[in-house]
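Undergrad: Structure, please.
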Amino acid sequence: MRFALLLLLSLMVAGFSTWLLGATWEAIGGGEMSVHGWIALALGILGTFGLAWGLMALAFRSHREGWDDRVNNTLDPGRPPDHER
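TA: Residues are numbered from 1 along each chain as shown. Down below sits the predicted model:
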């Protein structure tokens with residue numbers, strides 16, 4: 001249920017952002033946007049939100065499950081040798 005509410009909220013924010021950007025475009029004299037312009041704008045915003053949401057979900061999952069702790073960093077050139085730590 002919580003997921004559905006968060007998804008609905010995200011879609012509402014994306015929809016409002018799309019409308020606001022389109023209205024701003026018309027207000028600055030950019031001309032009226034065609035249906036294709038609105039579709040492209042909506043897809044760009046939704047794609048950006050989706051990509052950000054997916055990458056953040058992967059980062060949180062990686063942190064919770066300890067994926068980063070299992071990486072062998074001994075050959076990292078920016079890491080000090082074990083005897084200097």
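
Undergrad: dump the residue contacts of S10.
TA: Listed by Cβ atoms under 8 Å, 6 or more residues apart in numbering, the contact set of S10 reads 49, 53. Using the backbone N, CA and C atoms, a C-beta is placed for each residue, glycine as well.

Undergrad: Can you name the helix or strand that it falls in?
TA: helix 2-27 (DSSP states H and E).

Undergrad: what comes up buried for that helix?
TA: Neighbour counts over helix 2-27 (16 or more other Cβ atoms under 10 Å) mark 14, 17-18, 21-22 as buried.

Undergrad: between these, which is closest to V71?
TA: Closest approach to V71 among the buried residues of helix 2-27 (Cβ to Cβ): A14, at 34.5 Å.

Undergrad: Next one: the residue most central in space within the chain from G30, what distance?
TA: Against the mean C-alpha coordinate of the chain, by Cα atoms, centre = their mean, the closest residue is A52 at 1.4 Å. Going from A52 to G30 by Cβ to Cβ, to the nearest Å gives 26 Å.

Undergrad: Now do the lengthiest helix in the chain: distance to the chain's middle.
TA: When the chain is scanned for its longest helix (criterion: DSSP state H), the result is helix 35-65. Centroid separation for helix 35-65 versus its chain: 4 Å, with Cα atoms, centre = their mean, to the nearest Å.

Undergrad: And for stretch 27-35?
TA: The answer for stretch 27-35 is 26 Å, by Cα atoms, centre = their mean.

Undergrad: tell me which residues in that stretch are buried?
TA: Per 16+ other Cβ under 10 Å, stretch 27-35 contains these buried residues: M33.

Undergrad: Just the endpoints, please. Distance across that stretch?
TA: Stretch 27-35 has an end-to-end distance of 17 Å (Cα to Cα, to the nearest Å).

Undergrad: so what pLDDT did the nearest residue to W38 once chain neighbours are set aside get?
TA: Closest residue to W38 apart from its sequence neighbours, by Cβ to Cβ, 6 or more residues apart in numbering: G22 at 6.3 Å. pLDDT for G22: 83.
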